[in-house]
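A.B. asks: need a 3D model of the sequence below.
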Amino acid sequence: MKKKLLAVTLVAAMTASLAACGSADSTGGDTGAQNSGDGVSITIFNSKIEVQAQFEEMAKEYSETTGVNVEVYYSNDTVAAHLATKYSSNDPYTLSMVDAKDVYSLAEDHAIDLSSEKWVENTNYALSVNGKVVGFPVCVEARGLIYNADAIEAITGETFNPDDYVTLDAFQGLLEKLVAGGMETPTGIMKEDWSLAGHFLSEVYETQDDVDGFITSLHEGSADLANNPRWNARMDYFDTMMKYNYAAASAIAAEREVSEQKLAEGEIAFMFGGNWDWSMINAYDYSEHMGIMPVPENTSDGTNKKLVGGGSKYFFIDSSDNTSEEQRQAAKDFLNWLVFDEAGNSFLTEKCALVPAYSNIGAAGLDPLSVSVKSYADAGNLIDNYNYLPDDHFSLCGAAFQKYLAGQTDRAGLAAAVEDYWSSTTPVEH
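C.D. replies: Numbers count the residues shown, from 1 in each chain. You can find the predicted model right below:
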């Protein structure tokens, strides 16, 4: 299958490039990776499950080549809870890859200053706290409606142009055409709380004119979510997706892997998600022409012509006495390897299918979803992520959204549940 061929090619290329790791980077300097070996051990916490296998493979080869022993860990627990346990046991990770909100909450006590690192000049997405760069951006990610153009065109006989379907009315017309042509259920919906609440619901906040003001109004109980235009525009779209969902009869039982496969192989044509989904799509016999488009809405505010996204996932290096200076230097060398070494670049863009957050990293090897994201980013058509959701937003609002998906509550009930959540929580300070 395509994935196997790609994996063999990448492993060979990565091994060959790693053999030269530490000799000279793309700027003519030294990555330093080979100088920080000699038995130094570093640990990496990865909060992005889609690339755990890739990180484990990379760590093994990086360790063999540089002499730095690298171990990669993943946890199903919330990041805050998991890292709190590590801190309390005086066993922090050398490098932690987390969301922006986690960097903001943890950096002052647990992260070193990275302001003088060379890579800072190559990105617009580094995170700073109290005037110091503390967060290394791993990639750029964006969310929207993933489409399978080949599957659509096979039925319509016409070239698929996402720009033709920015309104919900036009999108509904296309879905009807697909149904009439034999694709009875052209959409899929991921049931996971992080998708429903962390990605889809958060776009209701992110597309408001004043995001912080809107969150404040929710917390203070003055927001009228049920009558908010952005809420209703998004929910009109979601209802349309539910109507044509292949798993409509058991929507809450649909497995993500099944939905990804159906989308990849053209059994369905649309699914809300992000460019990170390619790490699962490419496991199947995927169609060549796929991409991400903005969520179709009957709106005139321009949000239906943009994706939501930006810098996504950030490394910070532990500042405690439990991490030695040698380990911190090895961690810095690893970050420089990602940015300035050909093998590090290949690992990010080809192996992990991530859109680079650095101007010096080429994008020739990007997958179709990432190509879409990069095109919107380059054109300035990304709506910023809201990076300050409370840790329990995914689980609590996700559970409420799952009830809606399962037909156990209506739109008004879901709106009330979201309002109840915000009125009983404290927004993250920033």
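A.B. asks: could I get the full set of strands for the stretch 151-300 of the chain?
C.D. replies: Counting by DSSP state E, counting those that start in this stretch, the stretch 151-300 of the chain has these strands, from start to end: 187-188, 270-274, 290-293.
A.B. asks: out of those, nearest to Val308?
C.D. replies: Proximity to Val308 (CB to CB) singles out strand 270-274 among these, at 9.0 Å. (Each C-beta comes from the backbone N, C-alpha and C, glycine too.)
A.B. asks: elements contacting the closest one?
C.D. replies: Counting by 3 or more CB pairs under 8 Å, 6 or more residues apart in numbering; DSSP states H and E, the packing neighbours recorded for strand 270-274 are strand 132-148, strand 187-188, helix 256-264.
A.B. asks: return the set of buried residues in the last one.
C.D. replies: Which is helix 256-264. Judged by neighbour count (16 or more other CB atoms under 10 Å), helix 256-264 contains these buried residues: 256, 259-264.
A.B. asks: of those residues, just say which sits nearest to Gln402.
C.D. replies: Closest approach to Gln402 among the buried residues of helix 256-264 (CB to CB): Arg256, at 13.5 Å.
A.B. asks: how much space between that closest one and Tyr244?
C.D. replies: In this structure, Arg256 and Tyr244 are separated by 18 Å, where distance is defined by CB to CB, to the nearest Å.
A.B. asks: Leu354 and Ala142 touch, don't they?
C.D. replies: No. Applying CB atoms under 8 Å, one finds Leu354 not in contact with Ala142, separated by 11.7 Å.
A.B. asks: okay, and the common contacts of these two?
C.D. replies: Taking CB atoms under 8 Å, 6 or more residues apart in numbering as the contact criterion, the common neighbours of Leu354 and Ala142 are Asn275.
A.B. asks: the stretch 101-250 of the chain: helices as residue ranges?
C.D. replies: Listed in chain order, the helices of the stretch 101-250 of the chain (DSSP state H, counting those that start in this stretch) span 149-156, 168-180, 193, 202-206, 211-220, 229-243.
A.B. asks: centre of the chain to the last one, how far?
C.D. replies: With CA atoms, centre = their mean, to the nearest Å as the basis, helix 229-243 stands 22 Å off its chain's centre.
A.B. asks: ok, the first one next?
C.D. replies: Shown here is helix 149-156, whose average C-alpha point lies 27 Å from the average C-alpha point of the whole chain (CA atoms, centre = their mean).
A.B. asks: if we can go back for a sec, closest to Thr78 out of the strands of the stretch 151-300 of the chain?
C.D. replies: Taking CB to CB as the measure, the strands of the stretch 151-300 of the chain were each checked against Thr78, and strand 270-274 came out nearest at 19.7 Å.
A.B. asks: what pairs with that closest one, and is each one parallel or antiparallel?
C.D. replies: The sheet places strand 270-274 alongside strand 132-148 (antiparallel), strand 187-188 (parallel), with pairing taken from DSSP bridges.
A.B. asks: helix 256-264 and that strand, what's the angle between them?
C.D. replies: Strand 270-274 and helix 256-264 are oriented at 120 degrees to each other (axes from the mean of the first three to the mean of the last three CA atoms, to 10 degrees).
A.B. asks: averaged pLDDT, strand 270-274. What do you get?
C.D. replies: Within the predicted structure, the mean pLDDT of strand 270-274 is 97.
A.B. asks: now do that strand and helix 229-243, the angle between them.
C.D. replies: Here strand 270-274 runs at 130 degrees with respect to helix 229-243, directions being taken by the same axes, to 10 degrees.
A.B. asks: ok so, going back, possible to save the strands of the stretch 151-300 of the chain as JSON lines with mean neighbour count?
C.D. replies: Rendered in JSON lines, the data for the strands of the stretch 151-300 of the chain read as follows (neighbours: other CB atoms under 10 Å):
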{"stretch": "strand 187-188", "mean neighbour count": "26"}
{"stretch": "strand 270-274", "mean neighbour count": "25"}
{"stretch": "strand 290-293", "mean neighbour count": "24"}
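A.B. asks: in CSV, list these along with distance to Ala197.
C.D. replies: Supplementary listing: these in CSV, determined by distance: least, CB to CB, whole Å:
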stretch, distance to Ala197
strand 187-188, 18
strand 270-274, 13
strand 290-293, 20
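A.B. asks: quick one: buried residues of stretch 57-68?
C.D. replies: Counting neighbours by 16+ other CB under 10 Å, one finds that the buried residues in stretch 57-68 are 57-59, 61-63, 65-68.
A.B. asks: how far off centre is stretch 329-341?
C.D. replies: Here stretch 329-341 is found 22 Å from its chain centre; the criterion is CA atoms, centre = their mean.
A.B. asks: mind listing what's buried along stretch 357-368?
C.D. replies: Taking 16+ other CB under 10 Å as the neighbour-count basis, stretch 357-368 is seen to contain the buried residues 357-358, 361, 365-368.
A.B. asks: from Glu121, how far out is Lys132?
C.D. replies: 16 Å.
A.B. asks: and Val51, by the same measure?
C.D. replies: Between Val51 and Glu121 the distance, using CB to CB, works out to 26 Å.
A.B. asks: so for the two, which sits in the more crowded spot?
C.D. replies: Counted by other CB atoms under 10 Å, Val51 and Glu121 do not tie: Val51 has more neighbours, with 24 against 10.
A.B. asks: Gly335 against Gly135, yeah?
C.D. replies: Quick fix: residue 335 is Leu, not Gly. No. The pair formed by Leu335 and Gly135 falls short of the contact definition of CB under 8 Å, at 11.0 Å.
A.B. asks: so what sits against both of those two?
C.D. replies: With CB under 8 Å, 6+ apart applied, the overlap between the contact sets of Leu335 and Gly135 consists of Phe315.
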